[in-house]
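[1] Structure of the sequence below:
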Amino acid sequence: MGARSSRKPVRRVMPIMASGTASAFKLLVATLAFSGAYFGVSAAHGTQGSAAQGAGTHGSTAPVRTVVLSAQAMPVEVSRAPRPGTVTVGISEAGAGCLRTYHAQSVLDPGPSGDPVVYDWRLLRWSPVSRTWKTHQVSGTEGFIGRQRTVGWHPRIIDNPGWYRVELTVSGSGVITGEKFQVSC
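    Numbers count the residues shown, from 1 in each chain. From the prediction side, this is the model:
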């Protein structure tokens with residue numbers, strides 16, 4: 001009894017294995033035929049012919065155009081002034097190597113009386129050692145009398161990657177700090 005029951009599943013599995021093996025063999029033959037046809041066509045046309053045909057020229061003698069993509073830093077937008085009380089900083093020129101010139105700007109409003117405004121700029125660099133912002137550059141003291149104005153400064157950073165930020169000190173009003181930005185070479 002035990003022998004009969006053990007033979008019946010074997011008999012049932014054999015046709016399934018045979019059909020599975022036949023299917024796998026057919027797929028292998030089809031893959032080899034397709035690969036042979038592909039490589040045969042590639043060898044007949046050469047690599048440049050197949051690339052041109054893949055590009056849509058279909059065997060024409062039109063030259064292949066190469067498109068060069070490049071990245072370019074956008075200059076600071078000077079047509080729109082920042083909101084009063086904020087400092088904006090953007091790259092205005094990227095030179096050879098690691099030479100970067102930035103444009104910091106802000107709007108200062110002396111109020112309706114037009115009192116004199118005295119201000120100066122500072123470029124601060126983050127020191128990972130002391131974990132503090134340290135003065136990297138300082139502008140000269142400037143000022144004006146009259147109405148609201150957009151003021152600007154062009155600090156230069158040469159071969160000194162790191163994190164920076166710009167501060168604008170206005171006499172009688174305090175310090176306006178810009179967002180930090182990273183310089184990388």
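[2] what's Thr177 in contact with, if anything?
    Val87, Arg165, Val166, Glu167, Leu168 (CB atoms under 8 Å, 6 or more residues apart in numbering). (C-beta placed from N, C-alpha, C; glycine too.)
[3] run the last query once more with 10 Å
    Thr86, Val87, Arg122, Leu124, Trp133, Arg165, Val166, Glu167, Leu168, Thr169 (CB atoms under 10 Å, 6 or more residues apart in numbering).
[4] Find the pair from those with maximum spatial separation.
    Farthest apart among the contacts of Thr177 by CB to CB are Thr86 and Trp133. That separation is 18.1 Å.
[5] Would you mind listing where the chain has pLDDT under the threshold?
    1-22, 34-35, 37-81 (pLDDT under 70).
[6] need the strands for it, in chain order.
    Using DSSP state E, the strands of the chain run over residues 87-94, 99-108, 117-127, 132-138, 142-144, 149-153, 156-158, 162-170, 174-177, 181-183.
[7] Going by neighbour count, which of the contacts of Thr177 comes out on top?
    Highest neighbour count within those, by other CB atoms under 10 Å: Val166, with 27 neighbours.
[8] would you list the strands of the chain in JSON lines and tack on distance to Gly36?
    Formatted as JSON lines, these follow (distance: least, CB to CB, whole Å):
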{"stretch": "strand 87-94", "distance to Gly36": "53"}
{"stretch": "strand 99-108", "distance to Gly36": "57"}
{"stretch": "strand 117-127", "distance to Gly36": "62"}
{"stretch": "strand 132-138", "distance to Gly36": "67"}
{"stretch": "strand 142-144", "distance to Gly36": "78"}
{"stretch": "strand 149-153", "distance to Gly36": "69"}
{"stretch": "strand 156-158", "distance to Gly36": "60"}
{"stretch": "strand 162-170", "distance to Gly36": "59"}
{"stretch": "strand 174-177", "distance to Gly36": "69"}
{"stretch": "strand 181-183", "distance to Gly36": "54"}
